[in-house]
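1. below: sequence and its predicted model.
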Amino acid sequence: MNIILSSVLPVALIIALGYVSNKTLKLDQSTLSQISVYILAPALVTDSFYRTTISNDAALRLLLAYVLTTGIIYLGVVIISKLLKLSADDDKGLLAISLCPNNGNMGLSIIAFSLGEEGLERAVIYMIFSSVVLFGMLPPMLKGDSLMTSLKATFKLPLIWSMVIGITLHFTKITLPFNIGKSLEWLGISAIPIALIILGIQLSKTKFEFGVGEFTATIGRLAIAPIIAYSIGRLVGLEGLDLQVLTLQTAMPTAVNAVIMIKEFGGNTTMVARTIIISTLMSFATLPFIIWLMTSPSV
């Protein structure tokens, strides 16, 4: 129980601070988001890869498990869309909800509190894979563009180049002089609370209105997706911390950035925005249960 409370309550507190602060102070969300996207998150990625202790084999298995899990979820969305004869906008909305777990703002925080530094290293790797889908692949999919367009968009992501820099520093064994490595570490640590405050601000701007469709999509995001991830993880040989991170990151609520993608490239914005709210709120009930399951001695 202690690990569950110490994992979820601090995250909820910081999100609540962001929510209340925006209601009273009217914070500049765009500036905070730019700082997070272009400075803090890249610093976290670079620092994580620079200091990582995860083996190449474990990283490749994690990548394989993520790709297979995402592929199965995507196929599931396609099948459901066909069976229910969803409109084009609803189909795009369901795609964004299903493929975009909030493994940055919430995922990194929950895992840092529950699984420690080694878990955070793996969570950052998962976040990189997910960011490629969210920012590199999802927009062309929503617009119906080609694979080449998707690849070009992927290589424009700050997180991709941060990863390259971090991996280069790691394998070349370069020691950053004049405590530059400490500055990088501090910036990376700052990324997590700032991301949670931004999430609180974003939640404060969304109306609390829900329907059957949003509840159904939330169940898929919070319950079905992690079951798929756990099964795939076991299939490819993941165990222990690697399997825990894969499952927990996949169990996160829908990312706020999903509605940004939908607004920009088309889809049911209302459904996605409402699902973000309800999945985030419900995750504070489902995540403790999943943490309890994944940290039990039998896993």
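-> Thanks, I have it.
2. and the closest residue in space to residue 90 that isn't next to it in sequence, how many residues sit next to it?
-> Counting by C-beta to C-beta, 6 or more residues apart in numbering, residue 90 lies nearest to residue 268, which is 5.1 Å off, once chain neighbours are set aside. For glycine as for every other residue, the C-beta is placed from the backbone atoms N, C-alpha and C. Residue 268: 23 surrounding residues under other C-beta atoms under 10 Å.
3. wait, what's in contact with residue 268?
-> The neighbourhood of residue 268, defined by C-beta atoms under 8 Å, 6 or more residues apart in numbering, consists of 87, 89, 90, 92, 93, 262.
4. isn't there a strand covering the second one?
-> By that I understand residue 89. No: under DSSP: H, G, I helix; E, B strand; the rest coil, residue 89 sits outside any strand and is assigned helix.
5. thought it was touching residue 266?
-> Yes: taking contact to mean C-beta atoms under 8 Å, the distance of 7.0 Å between residue 89 and residue 266 places them in contact.
6. which SSE is immediately downstream of the lowest-mean-pLDDT helix or strand in the chain?
-> Among the secondary structure pieces of the chain, namely its helices and strands, helix 147-154 has the lowest mean (mean pLDDT, DSSP states H and E), a mean of 66. Beyond helix 147-154 on the C-terminal side, the first helix or strand identified by DSSP states H and E is helix 158-172.
7. any idea of the angle the helix or strand following that next one forms with helix 158-172?
-> Sequence order places helix 180-204 as the next helix or strand after helix 158-172, per DSSP H and E. Between the axes of helix 180-204 and helix 158-172, defined by axes from the mean of the first three to the mean of the last three C-alpha atoms, to 10 degrees, the angle is 150 degrees.
8. what lies in contact with the next helix or strand after helix 180-204?
-> Following helix 180-204 in sequence order, the next helix or strand is helix 212-219 (DSSP H and E). Residues from elsewhere that reach helix 212-219 (C-beta under 8 Å, 6+ apart): 90, 94, 97, 98, 253, 254, 271, 274, 275, 278, 279, 282.
9. if we use 6 Å, what do you get?
-> 97, 271, 274, 275, 278, 279, 282 (C-beta atoms under 6 Å, 6 or more residues apart in numbering).
10. ditto for stretch 51-69
-> By C-beta under 6 Å, 6+ apart, the list of residues contacting stretch 51-69 reads 121, 125, 129, 228, 229, 232, 233, 236, 237, 238, 242, 246.
11. wait, isn't residue 32 in contact with residue 199?
-> No: with contact defined as C-beta atoms under 6 Å, residue 32 does not count as touching residue 199 (10.7 Å).
12. more neighbours: which of the two?
-> More crowded of residue 32 and residue 199, by other C-beta under 10 Å: residue 199, with 25 against 17.
13. now for the residue lying closest to the more buried one once chain neighbours are set aside, how many residues are close by?
-> Once its chain neighbours are removed from consideration, residue 199 has its nearest residue in residue 105; the separation is 4.4 Å (C-beta to C-beta, 6+ apart). For residue 105, the neighbour count with other C-beta under 10 Å is 31.
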